Structures are given as C-alpha cells and as structure tokens.
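Colleague: Test case, fold it:
(one chain, ligands or ions: 2)
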Amino acid sequence: MSFSIERYKEESKKLDTTGVAWADVTAHSLSKGDLFCLHYMMDIENHVPLYLSHLLVTRACMDPILTAFLACWNYEELWHGENLGKLLNLYGIQFDTQDRIARVRANLGVQNSISILTTMAGSWLSKDFSAVYLSIGAINELSTLTGYAALIRKSNHPVLADLLSRIIKDERRHFAFYYNSAKEWLAGNEKAQRFDRWMLDRVWVPVGKGVKRQEEVDALALYLFDDEQGEEDLLALDEKIGRLPGLSGIKLMSRALYEARARARQNPDWAWRLIETESWAIARPKHSPVAELTGRRGGDPSYQLVEAD
Ligand SMILES: [Fe+2]
Ligand SMILES: [Fe+2]
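Modeller: Ligands and ions are numbered 1, 2, ... in the order given. Next comes the predicted model:
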C-alpha cells in the first residue's frame, strides 16, 4: 500500500456519483438498523470540518504535507455526508441538512471548545503527538470503511451499496495516507512508539464518540459487527493496526465491540432501543439556539435565506 501526496493532490475530487440509480432508492427497503447507521454516518461525515478545527491548532500542522492532505480530505468528506443525506431524503426521510448539521454542532456545547484547547496544549507539549494523531487517523479511516462494508452487507440495498462502494474508495486513500505517515513517524522511534501505544490504550474512542453518546456508538457497533463476520472484520482491523511499529497485539475496535456487548448484557434494552424507537432525530439544543450560533434568523426548522440586494 503506497501513497503519493502529489498524486493525491492531482486526483482529489468530489465524489463521482455519475450513474448512481437515485430513482431506485425507494424500490428497496432499509431496516431500522440501516437507517440508524446511515444517520450516524452522515452526522459524523458532516462533522469533519469541526474535527479539522481541532487538528489545525496542533503542532502536527507545521507539516505542509499534512495540511495539503487535510485540505483535499476535508473536501472529499463533505461529499460523503452530502450524498448520504441525499439518499435518506430520497428514501422519504425529510430534514433540512443545514439545520441538522447546525443542531448537531449546537448540542456539542462547551465541551467542543475545551477539547480544542486540550488537543492544542497536548500537541505542543509532546513532539510525538503527530504519531498519535496519525495512528488515530489510520484507525478511524479503516473503521469507517469497515463500517461501510458491513452496512453494504447488512442492508442488501443495491443503490446504497453502489454509493458506499464509491465512498469506500476515498476512505481507502485516506487510510493509506494516515497509515503510511504513522509508520514513517514510528519506525525506529521507540519513544514515539511507547507514547503512541500509551495514548491509544487510554484516549482512543471509536469514530463518532463525543458527537454521539456511548449508547449510540454501541448501537452502531452491535448492529454492524455483532455477528461472526463482523467480529472477524474488527479483529482483522486491529491486526492491521497492530502492524504499525510498537502497536503489536493492540486491541481497539474489537475491544469496543466486547464492551458494547457487556453493556447490552447488563441491560438487554441497551442500544437496540435506540434503533427500535428510530431515535435518529437531532434534538433542539437546550442552551444554544441554532439561529443564535449561526447568525441566521427566520422560521424554524427551515431557514429563510434572504438574498442580498
Ligand atoms: Fe468519509
Ligand atoms: Fe475518510
């Protein structure tokens, strides 16, 4: 698996959806679990610009190759969220994308700002922060594409399968960048390896945690991976990450699945009730009205955009 930043810059583009049979979206049904996952995935894809704001304040971004990658990566991720939203809308689930994104962000509250500050401070305290960030990037991209492949298998919906297969190609390139960059940083650098492993064992969380609650993260994990094939996929994922220098035998995604199973054993309603009650709607924020945060005014839920004279 190789990666060339020059080639990536040349080839990076908006997701090509030419030929996707959008008209057939309603011809095949999606289960409650499929819809739960699609909302989760769309929200997290749409959260990328805010995630980027955490990265741009770190020492890692002194590296111009990394910032070139992030510039293209951010644009590509935007179209993943847009297209997942389009599919849900065509399936008949009505929401205003901008309104939903603003609500997700407003619900993050002050925690988001605190997290930016701690990431920034942490990165300047340790030179090897980059190794941690790059490893986390590799794990997140690989678990994202593994999740999309699992949803293709679970949903058995040809249009969704076509769309997700195209998105997976982008995620593979993202994974290749992070993985190769992490490997380069860690190779022959025992101090970085020890720090990376220590941090991953303690601070790593599955993609989406923080934006989504633990129960929502568990619902996604149990729906997609709580079968033989799913568990195998997660063990293979951990094994691949374990091939990075210093990370041999690490358990991340499989551990997240086992912890989700343990919580579900304690409370049989856990996680599945979110899928069952179709609780993917985003609540109106308690303390931060969306209109106040975005500066937009007008009727809720759909904003009235006024054109400038
Ligand atoms: Fe993506
Ligand atoms: Fe990605």
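Colleague: quick one: secondary structure of residue 284?
Modeller: coil (DSSP: H, G, I helix; E, B strand; the rest coil).
Colleague: distance of it from ligand 1?
Modeller: When Cβ to the ion, to the nearest Å is applied, the distance between residue 284 and ligand 1 equals 27 Å. In this view, the C-beta of every residue, glycine as well, is placed from N, C-alpha and C.
Colleague: Backbone dihedrals for that residue, please?
Modeller: Listed backbone geometry of residue 284 is phi -60, psi 130, with angles given as degrees, to the nearest 10.
Colleague: Find the residue closest to it in space, skipping its chain neighbours.
Modeller: Beyond its immediate neighbours in the sequence, the residue positioned closest to residue 284 (Cβ to Cβ, 6 or more residues apart in numbering) is residue 103, lying 6.8 Å away.
Colleague: That neighbour touches residue 285, doesn't it?
Modeller: Yes: if you go by Cβ atoms under 8 Å, residue 103 and residue 285 touch, sitting 6.2 Å apart.
Colleague: between those two, who's got more neighbours?
Modeller: Ranked by neighbour count (other Cβ atoms under 10 Å), residue 103 and residue 285 place residue 103 first, with 21 against 18.
Colleague: which element is the more buried one on?
Modeller: Taking DSSP states H and E as the definition, residue 103 sits inside helix 97-108.
Colleague: After that helix, which helix or strand is next?
Modeller: Sequence-wise, the next helix or strand downstream of helix 97-108 (DSSP H and E) is helix 110-125.
Colleague: So which elements touch that following helix?
Modeller: Applying 3 or more Cβ pairs under 8 Å, 6 or more residues apart in numbering; DSSP states H and E, one finds that helix 110-125 makes contact with helix 48-55, helix 129-155.
Colleague: With just CA atoms, put the shortest one into PDB.
Modeller: Spelled out, it's helix 48-55. As requested, C-alpha coordinates have been extracted for helix 48-55 and formatted as PDB (Å, rounded to 0.1, in the frame of the first residue of the first chain):
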ATOM      1  CA  VAL A  48     -15.300  16.600   9.700                       C
ATOM      2  CA  PRO A  49     -14.900  20.400   9.400                       C
ATOM      3  CA  LEU A  50     -15.200  20.700  13.200                       C
ATOM      4  CA  TYR A  51     -12.800  17.800  13.700                       C
ATOM      5  CA  LEU A  52     -10.400  19.700  11.300                       C
ATOM      6  CA  SER A  53     -10.600  22.700  13.600                       C
ATOM      7  CA  HIS A  54      -9.000  20.600  16.300                       C
ATOM      8  CA  LEU A  55      -6.200  19.500  14.100                       C
END
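Colleague: contact partners of it?
Modeller: Contacts to helix 48-55, defined as Cβ atoms under 8 Å, 6 or more residues apart in numbering, come from residues 61, 70, 73-74, 77-78, 81, 105, 108, 112, 115-116, 119, 133.
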